[in-house]
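1. would you be able to build a 3D model of this:
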Amino acid sequence: MPLTLTRRRAVAGVAGLRLLGFAPPLRPILGQTRAAAAADEPVPAPAVPPEVISADFPFDSHFVDVLDSQIHYVDEGEGKPFLLVHGAPTSSYLWRNVIPWLVPHGRVIAVDLIGMGKSGKPDIAYSFADQSRYLEAFVTALNLRAVTLVLHDWGSALGFDYATHHESNVAGIAFMEALVAPAFPATYDALSPELANFFRAARDPKTGPVLFIGQNAFIEQILPNALVRRLSEAELDAYRAPFLDPASRKPLLAFPNQVPIDGEPADVAAAFARYNDWLVASTLPKLHVYASPGSLNPLAVVDFLSQRLTNHESAYVGRSLHLIQEDFPEAVGRAIADWSRRLERTRDR
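-> Next comes the predicted model:
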């Protein structure tokens, strides 16, 4: 049963502001955000050792020609492929502390979406269709077969879209902080007034470029507020590196303009609706990794999906907001590795 409008506001509004960490006009409320996360009733965390979080990125860079540009990726381990797809405004760097937990279980490929990380920055619109086209071409260029998709944020929308068109090439999907129903596609009526104002500002031809191109708000303001712990300067510098030049920030403005709200952009709204239906109908193995309170996927979304998806598991990793890989990389990696190992045992029977 669909969520009521009031409950959808709680999902897509208040939770969304936790991700953004702002109240108009994009004023930081980080202290309130972290305090709110700390004050929530604790949910028992998995019995895992303390997290080991490093700013280092100790992986070789690989590049492949894709369409009219190059895509950068990390390629570690051997065997069945895991494809890790980030969202905005991050890169393969987001997965640096998750990758070691997956390497014993297969070949781990962490891609930089076109225009992001160390990938090329061609003169394109960086629309959802553009990103989908380059990601599909990347999978083809590497000749990946029976791939397990590991998805986050906009990477989830792109990965789900790929799976709807290439289900036979997908072995399973692990996703976290994903753009899924009931919050997406969204309507302005279902968004909180603050979040609605944010998206209107992002889509305004004057204020949008000021915020995302001129002020680099996605990197300098939104990203540091999207997790519970504080990122080190080394970590922030790694996320800043692809976007030091304002001309390089075009993809960062494109992403909030591509969020489907009130049916626009129409092609993206249709893609989101299509993959939401596919997620319910598909029997592919699915793992939803989540945190509390979360941002895009608070407990209301976790429950919503648990009641509707087949061949579905969920794994709680700890108290975090949106960048759960930065707060709990080991727990994220262990959850995906354990799920994958169980699937292999089932297939071998």
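
2. which parts of the stretch 201-349 of the chain are helices?
-> For the stretch 201-349 of the chain, helices defined by DSSP state H, counting those that start in this stretch occupy the ranges 207-209, 217, 233-240, 250-258, 266-281, 299-306, 324-327, 329-348.

3. which residues are contacting the last one?
-> Applying C-beta atoms under 8 Å, 6 or more residues apart in numbering, the contact partners of helix 329-348 are 45-46, 48-49, 51-53, 82, 96-102, 104-106, 148, 150, 171-172, 174, 176, 285, 287, 289, 313, 315, 317-318, 324-325. From N, CA and C alone the C-beta is placed, and that goes for glycine too.

4. send me it as PDB with only the CA atoms.
-> Written as PDB, here are the backbone C-alpha positions of helix 329-348 (Å, rounded to 0.1, in the frame of the first residue of the first chain):
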ATOM      1  CA  PRO A 329      33.000   0.800   5.600                       C
ATOM      2  CA  GLU A 330      33.800  -2.400   7.300                       C
ATOM      3  CA  ALA A 331      30.200  -3.200   8.200                       C
ATOM      4  CA  VAL A 332      29.100  -2.300   4.600                       C
ATOM      5  CA  GLY A 333      31.800  -4.500   3.200                       C
ATOM      6  CA  ARG A 334      31.100  -7.400   5.500                       C
ATOM      7  CA  ALA A 335      27.300  -7.300   4.800                       C
ATOM      8  CA  ILE A 336      27.900  -7.500   1.100                       C
ATOM      9  CA  ALA A 337      30.500 -10.200   1.300                       C
ATOM     10  CA  ASP A 338      28.400 -12.300   3.600                       C
ATOM     11  CA  TRP A 339      25.300 -11.900   1.400                       C
ATOM     12  CA  SER A 340      27.400 -12.800  -1.700                       C
ATOM     13  CA  ARG A 341      28.800 -15.900   0.000                       C
ATOM     14  CA  ARG A 342      25.400 -17.100   0.900                       C
ATOM     15  CA  LEU A 343      24.200 -16.700  -2.700                       C
ATOM     16  CA  GLU A 344      27.200 -18.700  -3.900                       C
ATOM     17  CA  ARG A 345      26.300 -21.500  -1.600                       C
ATOM     18  CA  THR A 346      22.700 -21.500  -2.700                       C
ATOM     19  CA  ARG A 347      23.800 -21.600  -6.400                       C
ATOM     20  CA  ASP A 348      26.200 -24.500  -5.700                       C
END
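
5. sec struct for Leu151, please.
-> Recorded secondary structure, Leu151: strand (DSSP: H, G, I helix; E, B strand; the rest coil).

6. okay, now it: neighbour count?
-> 26 (other C-beta atoms under 10 Å).

7. begin at 44, not 1, for the rest of this chat.
-> Renumbered: residue one is now 44, and that last one reads Leu194.

8. surely it touches Tyr205?
-> No - contact criterion C-beta atoms under 8 Å: Leu194 and Tyr205 do not qualify, at 9.6 Å.

9. one step back: columns distance to Pro236 and mean neighbour count on top of the helices of the stretch 244-392 of the chain, output as JSON lines?
-> Formatted as JSON lines, the helices of the stretch 244-392 of the chain follow (distance: least, C-beta to C-beta, whole Å; neighbours: other C-beta atoms under 10 Å):
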{"stretch": "helix 250-252", "distance to Pro236": "17", "mean neighbour count": "16"}
{"stretch": "helix 260", "distance to Pro236": "19", "mean neighbour count": "23"}
{"stretch": "helix 276-283", "distance to Pro236": "29", "mean neighbour count": "16"}
{"stretch": "helix 293-301", "distance to Pro236": "17", "mean neighbour count": "22"}
{"stretch": "helix 309-324", "distance to Pro236": "22", "mean neighbour count": "17"}
{"stretch": "helix 342-349", "distance to Pro236": "19", "mean neighbour count": "18"}
{"stretch": "helix 367-370", "distance to Pro236": "27", "mean neighbour count": "26"}
{"stretch": "helix 372-391", "distance to Pro236": "33", "mean neighbour count": "18"}
